[in-house]
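S.K.: Give me a model of this one.
(chains A, B, C and D)
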2 protein chains.
Amino acid sequence: MAIPKLTTLELRIMEAVWKLGPCSVREIQEAFPATRRPAYTTIQTTVYRLETKKALRRAKKISNAHIFEAVLSPRAARGRLVDELLSLLGGGPSLLMAHLIETGKLTRDDIAEAEEVLARFEQNEFEQEEKSK
Amino acid sequence: MAIPKLTTLELRIMEAVWKLGPCSVREIQEAFPATRRPAYTTIQTTVYRLETKKALRRAKKISNAHIFEAVLSPRAARGRLVDELLSLLGGGPSLLMAHLIETGKLTRDDIAEAEEVLARFEQNEFEQEEKSK
DNA sequence: GCAGAACTACTATCGATGTAGTAGAAACTA
DNA sequence: TAGTTTCTACTACATCGATAGTAGTTCTGC
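M.R.: Okay, the predicted model is just below:
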């Protein structure tokens, strides 16, 4: 199980930990908006499950509370999500792009930005290659 | 409930119906690859659920079998998926694009294509506006 | 018309997920 | 140190989704 599949709540918890850094269950809970804040034990249970999935781990203990830290990186987790979607949409990114455009979510600026990212990325790849020579 | 949320199996079934047009449970089942083909009644149960969700409806009856047809369009269903992902990723499409680029799934060609789609789309929008005058 | 095939409608099960309660230990606090 | 707070560890439970079995009805080929 390379990258674990996360559910919605699990993902929200991971987001909190990524943002806060190593933290306690209580801190995670309080990171949720006051409205729609799950019970303490709901967060706790889900944190435990994330531990089982190796997405979080106990880093240390402060007084009587465990401090959890992320094992899974945001990149990996988000990547998993995107790949999941692509496989559901069947294959390549074109359907995805098309939808984004047609719903106005992808603007000319976004595309320009994408080009830049791609350029930077390719440059980086190139440097990696050079270095490895 | 504007656009129903579909699960993996439900989506696969919808894909089959979109492809086949109005069809029977049996036909849907046979649209699955012989390996990994769920039991007839598994498909049946899920088709019934899709009916409840108003994604499919019984169009007619041929001999003793119901013929189902799609109510939900591929566009709407896929759009729902994409929107879901965007909300999980939090906000705009940039994180999404970045991931696609970094994993090599989005190439220069894809971006060029996106630009074209965008151009066509905008042209279309413009024509709609003109027409409505 | 009857035997077997196909289909429907219903029921059942299992694991995952979201939700949260409880008992008891540990740690502050007055 | 005794009361209160906080946390852990465990348990409970409802819902959903994937899975499929069964009983009974309806066709169909001979």
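S.K.: How many residues are close by A:T103?
M.R.: By other CB atoms under 10 Å in any protein chain shown, the residues close to A:T103 number 13. Yep, even glycine has a C-beta here, placed from its N, CA and C like the rest.
S.K.: Per-residue confidence, the closest residue to it other than its chain neighbours, what does it come out as?
M.R.: Leaving aside its sequence neighbours, A:T103 sits nearest to B:G79 (CB to CB, 6 or more residues apart in numbering or on different chains; 6.4 Å). At B:G79, the pLDDT value in this model is 90.
S.K.: got the contact list for B:G79?
M.R.: Listed by CB atoms under 8 Å, 6 or more residues apart in numbering or on different chains, the contact partners of B:G79 are A:H99, A:T103, B:I3.
S.K.: From these, pick the one nearest DNA strand C.
M.R.: Nearest to DNA strand C among these is B:I3, at 19.7 Å by CB to the nearest atom of the strand.
S.K.: Then that closest one would be within a strand, right?
M.R.: No - B:I3 is assigned coil when assessed by DSSP: H, G, I helix; E, B strand; the rest coil, not a strand.
S.K.: B:V71 is in contact with that one, correct?
M.R.: No - B:I3 lies out of contact with B:V71 (CB atoms under 8 Å); the separation is 10.9 Å.
S.K.: and the least confident helix or strand in chain A by mean pLDDT with helix B:108-131, angle?
M.R.: None of the helices or strands of chain A scores lower by mean pLDDT, DSSP states H and E than helix A:108-131, at a mean of 84. On the basis of axes from the mean of the first three to the mean of the last three CA atoms, to 10 degrees, helix A:108-131 is oriented at 180 degrees to helix B:108-131.
S.K.: in helix A:108-131, what counts as buried?
M.R.: For helix A:108-131, a neighbour-count test (16 or more other CB atoms under 10 Å in any protein chain shown) marks A:D110, A:I111, A:A114, A:E115, A:V117, A:L118 as buried.
S.K.: Provide the contact partners of that helix at residue level.
M.R.: Taking contacts as CB under 8 Å, 6+ apart, the residues outside helix A:108-131 that touch it are B:92-94, B:97-98, B:101-102, B:106, B:108, B:111, B:114-115, B:118.
S.K.: Turn the residues you listed into a markdown table, including distance to B:A16.
M.R.: Formatted as a markdown table, the contacts of helix A:108-131 follow (distance: CB to CB, whole Å):
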| residue | distance to B:A16 |
| --- | --- |
| B:G92 | 33 |
| B:P93 | 29 |
| B:S94 | 34 |
| B:M97 | 30 |
| B:A98 | 33 |
| B:I101 | 32 |
| B:E102 | 33 |
| B:L106 | 28 |
| B:R108 | 34 |
| B:I111 | 32 |
| B:A114 | 29 |
| B:E115 | 33 |
| B:L118 | 31 |
